[in-house]
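Chemist: what's the 3D shape of this:
(one chain, ligands or ions: 1)
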Amino acid sequence: MNEEKFTRETVLSVRRWSDTLFSFTLTRPAHFRFSAGQFARIGIEVDGEKIFRAYSVVSSPFAEELEFFSIVVPDGAFTSRLQHLKAGDQLLLEKIPFGFLTLARYQKPLPQDLWLLATGTGLAPFLSMLQDFAPWQQYQQIILAYSVRMPEELAYAEEIKTIAQTFGEGGASFKFLPIVTRPVVPPSDTTLAQRLPTLIENGLLEQHAGLALNPATSHVMLCGNPQMVEDTRNALKARGLTMNRRGEGNIAVENYW
Ligand code: NAP
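Modeler: All right, here's what the predicted structure looks like:
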């Protein structure tokens, strides 16, 4: 890769959520502009070779630092090295972000209810979107559903509450629906423990959201496990929702790996 395409940035902090999940922050160069929901390409140097991976930005487009959320992929060339990251280390950051999972893509239907459905680290782009006043003012209802295998993988659960208090006051009503699909203790009737497509098919997602999915009003964004994205997209299509193309339609998706 051409040296001019990236800059060297400094790791400011590392936060470990579990053995396999961590977040880190980087210095943000003045030229690095992005829309909430976009990806950055982050690089490391291994034996003189540069390896890059795409990471959705967690932080708001207005933040001074750049935050990212990562899983450690077993034996993965990139994340198995990245997991040892510490403050003061340097990473490469491509100058130009990319990706189309942004709220600006929705022209029709007009903003009314926004459903953000994530698995695992696919939560990242939604955290960025929610740390901006615009969606809270544009939408009447926002639903964030976040599916993980084990309870300890529900990273950012506390931060989500704080974000909703900070940005949501006086704006859209907000429901956070954590989903734990492999709980150690059997779930109660009120806890969501099934996969997203099942929760759409059996009506439990809407029941817990207190809102119906509606082709005339709903914007639905999916991000995470590629199989989840495909299965959930099909469940939504079976309910009459359509893919968003050239601004029109309900569903926007991003495969996360
Ligand atoms: P995951 O398998 O993606 O599970 C996270 C959540 O998604 C769980 O609630 C899971 O439910 C659900 N899920 C899985 N398949 C689904 C489907 N078809 N429909 C609906 N929901 C579905 O687990 P993870 O821990 O986030 O990631 C697992 C592996 O993915 C990692 O070990 C890694 O290899 C890979 N990964 C790679 C990258 C990368 O950048 N290369 C990034 C993230 C993850 P169940 O419990 O029912 O399965």
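
Chemist: who in the stretch 101-250 of the chain is up against the ligand?
Modeler: Contact residues (CB under 6 Å from any ligand atom) of the stretch 101-250 of the chain with the ligand: 119-121, 147-149, 181-182, 195-197, 225, 227-228, 231. In this view, the C-beta of every residue, glycine as well, is placed from N, C-alpha and C.

Chemist: from these, which is closest to residue 91?
Modeler: residue 121 (16.9 Å; CB to CB).

Chemist: need the contact list for the closest one.
Modeler: By CB atoms under 8 Å, 6 or more residues apart in numbering, residue 121 lies in contact with 21, 56, 69, 70, 71, 224, 256.

Chemist: Run a quick neighbour tally on the residue lying closest to residue 133 once chain neighbours are set aside.
Modeler: Once flanking residues are discounted, residue 133 sits nearest to residue 167: 5.6 Å by CB to CB, 6 or more residues apart in numbering. By the criterion of other CB atoms under 10 Å, residue 167 has 20 neighbours.

Chemist: Run through the residues that contact the residue of the stretch 101-250 of the chain found nearest the ligand.
Modeler: Closest contact between the stretch 101-250 of the chain and the ligand, by CB to the nearest ligand atom, is at residue 120 (2.4 Å). By CB under 8 Å, 6+ apart, the contact list for residue 120 reads 71, 147, 148, 153, 224, 225, 256.

Chemist: which of those residues count as buried?
Modeler: 71, 147, 148, 153, 224, 225, 256 (16 or more other CB atoms under 10 Å).

Chemist: And the pLDDT for the fifth one?
Modeler: Yep, that's residue 224 we're talking about. In this model, residue 224 is scored at 96, pLDDT.

Chemist: which residues does it contact?
Modeler: Residue 224 sits in contact with 118, 119, 120, 121, 122, 123, 147, 256, where contact means CB under 8 Å, 6+ apart.

Chemist: follow-up on the earlier one: state the three-state secondary structure for the residue nearest to residue 133.
Modeler: helix (DSSP: H, G, I helix; E, B strand; the rest coil).

Chemist: you'd agree it is up against residue 128?
Modeler: No. Residue 167 lies out of contact with residue 128 (CB atoms under 8 Å); the separation is 11.6 Å.

Chemist: What strand or helix carries the residue nearest to residue 68 when sequence neighbours are not counted?
Modeler: Nearest residue to residue 68 in three dimensions, chain neighbours excluded: residue 55, at 4.5 Å (CB to CB, 6+ apart). Using DSSP states H and E, residue 55 sits in strand 49-56.
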